[in-house]
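Novice: for reference, the sequence and a predicted model appear below.
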Amino acid sequence: MEPGSRPCGGAAAAEIKGGRENQVWYLKISKLALAFAIIHSKPPGKSCKEYTEHLAKTVSERDFGWKSKVEVLEAEVLRLRQELLLNKVCPRFCLENGKPDASAETLLDQEHVNPVSYSSQLEDSGCDVSNDYAFDSLGTASDFHQSEQNVNTSKPWLEMVPPLNLCCTSKKEFLTVPVQFLQHLLEIRRLSEGGILQADFTELENDTFTVCNSLSQLLDGLTVFYNSPKFPVSNFVTEAVSVLISLVTDTKLSNHVLKKCFRKLEEFKKSLIQIILRNSSVNRFQALHAVSQTLVLLGKNNILRNSLISLLLSEVRRFAEQLLQAYQIQAMYDITQYENIFPLCMMLEQLLQNETEESNISSSDYDGEEKVKFLRNLDQIILHLSDEFPLFSLYLWRVSVLLNSAQIQID
């Protein structure tokens, strides 16, 4: 064979096979050498198995320590990238906001010292399903609408949002980093729109990593909370939800967010829906309302609303078909999941009503595959279930009316 030429055909296959055999052989020899080393260094009075487990535990603890250090360093890198991005978007805001201010830890102080007082929540039996409470259990709906309406111009603009303080030292403060960063972006956006500041939001396109990671941290933190909610809800969690909703409903920032983080937002919505369906706690209705509230508020964004309607239609249709099958063969059905399906029906009805009422949004936006599947055999399902499950059948009928009325408007 000439120098520089490569083996071909059978010779190449044989060379690859020989290389793999050598790797397997070296691995066996390494394991054997490790075994001899453990036996040779084993202290007296301890078996080989005990000593091996001790060594494995020691190595895993060291690995955990390194992982913790890596997480700290990654958090610091993200913090620096957030500061850099804010400086690029609006240098004046970051320069002035860098001054020391006693209000830096306002939100965290509120969380530890003065949490939101919901006396009714503390004594809640879990059976309150009134509509007024169902979609305002977090208190975010009223806060969100109030923050949309006006900005308090009587205060200096630098006092409207706490200075950037992104150090995160505990799991309880995990939401601090993304909330304060996104809060600053929203404040810059609002102040630039009012002509108080000049900002270049095209910089967000140049650093999608920072925005996406910050939003991912926020969504992950909220998912952890909704999986194991604690009431009364702290001011800081309420503020986190408010920041998320403000971000996805802002006409300019939402475009940047949805372009790069749509998949993460879809995963977040799916996770919240599954949290609702799988919750089997006796006193769970308060938590279900809190999750429903967040999903309905996410539906304020037209793109997220359409995909959310599709997800809800799919889950309600799947449960209706399972319930019909169980009814026809006289089998047992999951009463907990039956109770949990109603928050999904309520959300679906509200989202469809919001979509229909907005005359500037075409009803055909949610005229998709899931709508066709949902309406296909719905009349038969309602007919069979109406006697045994009248409330669920009523919700199915109301949703079908909203879907069909939209089709009539199109025609």
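Specialist: Yes, it's here.
Novice: quick one: contacts for residue 288?
Specialist: 276, 279, 340, 343 (C-beta atoms under 8 Å, 6 or more residues apart in numbering). For every residue, glycine as well, the C-beta is placed using N, CA and C.
Novice: may I have the helix or strand hosting it as CSV, with CA atoms only?
Specialist: Per DSSP states H and E, residue 288 falls inside helix 285-298. Only the C-alpha atoms of helix 285-298 are listed here, as CSV (Å, rounded to 0.1, in the frame of the first residue of the first chain):
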residue,chain,number,x,y,z
PHE,A,285,-58.7,22.9,44.3
GLN,A,286,-56.9,26.1,45.4
ALA,A,287,-53.7,24.9,43.8
LEU,A,288,-55.6,24.0,40.6
HIS,A,289,-57.1,27.5,40.4
ALA,A,290,-53.7,29.0,40.8
VAL,A,291,-52.3,27.0,37.8
SER,A,292,-55.4,27.7,35.8
GLN,A,293,-55.0,31.5,36.4
THR,A,294,-51.5,31.4,35.0
LEU,A,295,-52.5,29.5,31.9
VAL,A,296,-55.4,31.8,31.2
LEU,A,297,-53.1,34.8,31.5
LEU,A,298,-50.7,33.2,29.1
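Novice: so for that helix, what gets flagged as buried?
Specialist: Within helix 285-298, the residues scored as buried using 16 or more other C-beta atoms under 10 Å are 285-298.
Novice: so what does the longest helix along the chain touch, helix or strand wise?
Specialist: In the chain, assigned by DSSP state H, the helix with the most residues is helix 48-89. Helix 48-89 sits against helix 10-41, helix 91-97, helix 176-193, helix 203-206, helix 208-227, with contacts defined as 3 or more C-beta pairs under 8 Å, 6 or more residues apart in numbering; DSSP states H and E.
Novice: how many other residues sit next to residue 26?
Specialist: When neighbours are counted by other C-beta atoms under 10 Å, residue 26 registers 10.
Novice: okay, angle between the longest helix of the chain and helix 10-41 too, please.
Specialist: 120 degrees (axes from the mean of the first three to the mean of the last three C-alpha atoms, to 10 degrees).
Novice: pLDDT of helix 48-89, averaged?
Specialist: On average, the pLDDT along helix 48-89 is 80.
Novice: and the angle for it with helix 208-227?
Specialist: Comparing the axes of helix 48-89 and helix 208-227 via the same axes, to 10 degrees yields an angle of 120 degrees.
Novice: so how far is helix 48-89 off the chain centroid?
Specialist: For helix 48-89, the distance from its own C-alpha centre to the chain's C-alpha centre is 23 Å (C-alpha atoms, centre = their mean, to the nearest Å).
Novice: assign a three-state SS to residue 251, would you?
Specialist: Assigned state for residue 251: coil (three-state reduction, DSSP: H, G, I helix; E, B strand; the rest coil).
Novice: report pLDDT for it.
Specialist: For residue 251, the pLDDT comes out at 83.
Novice: what sits against it?
Specialist: Here residue 251 is in contact with no residue (C-beta under 8 Å, 6+ apart).
Novice: tell me the spacing between residue 302 and residue 15.
Specialist: Per C-beta to C-beta, to the nearest Å, residue 302 is found 59 Å from residue 15.
Novice: ok, the two, which is more surrounded?
Specialist: Between residue 302 and residue 15, counted using other C-beta under 10 Å, residue 302 has the larger neighbour count: 15 against 12.
Novice: how close does that one sit to residue 258?
Specialist: If you go by C-beta to C-beta, the gap between residue 302 and residue 258 works out to 10 Å.
Novice: average pLDDT across stretch 180-197?
Specialist: For stretch 180-197, mean pLDDT is 87.
Novice: and that stretch, which residues are buried?
Specialist: Quick answer for stretch 180-197 (16+ other C-beta under 10 Å): 180-192, 197.
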